[in-house]
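Trainee: Requesting a structural model of the entry that follows:
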Amino acid sequence: MSIHDRAAERAAATRAFSAFYRDTIKPLIAYVVVSGAPAAIAAEIAQDCMIELFKRWERVSHPRAYVYKAAARMWGRRAAKVRMEAPLDALPEPTSLVPKPDALAEFETRHEMLQVLKALPPRQRQVLLLTLQEFTPAEIAEQLELEAGTVRAHLMRARRAAAARFEEGEEEQ
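Mentor: Numbers count the residues shown, from 1 in each chain. All right, here's what the predicted structure looks like:
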């Protein structure tokens, strides 16, 4: 293989990684945040995972699964060391500075969803988050080194608990 062929292959691999990065970084950060990490730490973890993936890009057959699994492991190792911030007691009042009229309602919905997810046991939360990222139960089972039936059971319990929590919130209103 000539030097020009190798350079062309490297350029193609870099373009492929760049496209993957653009498509994956934001959902990966969101996954780590909802797993319990503060936003700054989630962004750092996601970036570290992407750097490691880039180093191995040509050898990794399932890059999406690779970064999600790596992010979950990194957060798991760091979680005990991080001092968690308390959630907001009350949401801020709407002001004229809000760029979209529905922005506050959207924020409230996301805040409620985060509270529901954080209330789930860690494994249920992890399985539900991976499902929301469009991983199949079989893919999740492979990532978490569990049986597919165990993943489906965790997912069923997570969905039931989340639905019950939402129903409680609606009854209070």
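
Trainee: contacting residues around the host helix or strand of Q126?
Mentor: If you go by DSSP states H and E, Q126 is part of helix 122-132. Identification of contacts with helix 122-132 by CB atoms under 8 Å, 6 or more residues apart in numbering yields 31, 34-36, 68, 72, 117-118, 120, 137, 139-140, 143-144, 151, 154-155, 157-159, 161-162. Bear in mind the C-beta positions are built from the backbone N, C-alpha and C, glycine included.

Trainee: how about 6 Å then?
Mentor: Outside helix 122-132, the residues that touch it by CB atoms under 6 Å, 6 or more residues apart in numbering are 31, 34, 117, 140, 151, 154-155, 157-158.

Trainee: Report the two of these separated the most.
Mentor: With CB to CB as the measure, no two of these lie farther apart than Y31 and R157, at 19.5 Å.

Trainee: For the helix ranked longest in the chain, which helices and strands make contact with it?
Mentor: The single longest helix within the chain, with elements called by DSSP state H, is helix 3-34. Contacting helix 3-34 under the criterion 3 or more CB pairs under 6 Å, 6 or more residues apart in numbering; DSSP states H and E are the following elements: helix 39-56, helix 63-78.

Trainee: pLDDT of the last one, averaged?
Mentor: For helix 63-78, the per-residue pLDDT values average out at 93.

Trainee: out of the contacts of helix 122-132, which are buried?
Mentor: The neighbour-count criterion (16 or more other CB atoms under 10 Å) marks 31, 34, 117, 140, 151, 154-155, 157-158 among the contacts of helix 122-132 as buried.

Trainee: pLDDT check: weakest of those?
Mentor: Sorting these by pLDDT puts L117 at the bottom of the list (81).

Trainee: That residue contacts V34, correct?
Mentor: Yes. The criterion here is CB atoms under 6 Å, and L117 meets it with V34 at 5.3 Å.

Trainee: per-domain residue ranges of this protein.
Mentor: The chain is divided into the following domains under automatic domain parsing: 1-81, 101-173.

Trainee: Any idea which of the ones you listed has the lowest pLDDT on average?
Mentor: Among these, domain 101-173 scores lowest, at a mean of 82.

Trainee: Please tell me how far it is from the chain's geometric centre.
Mentor: 11 Å (CA atoms, centre = their mean, to the nearest Å).

Trainee: Quick check, central residue of the chain?
Mentor: Nearest to the centroid of the C-alpha atoms of the chain, with distances taken as CA atoms, centre = their mean, sits Y31, at 1.1 Å.
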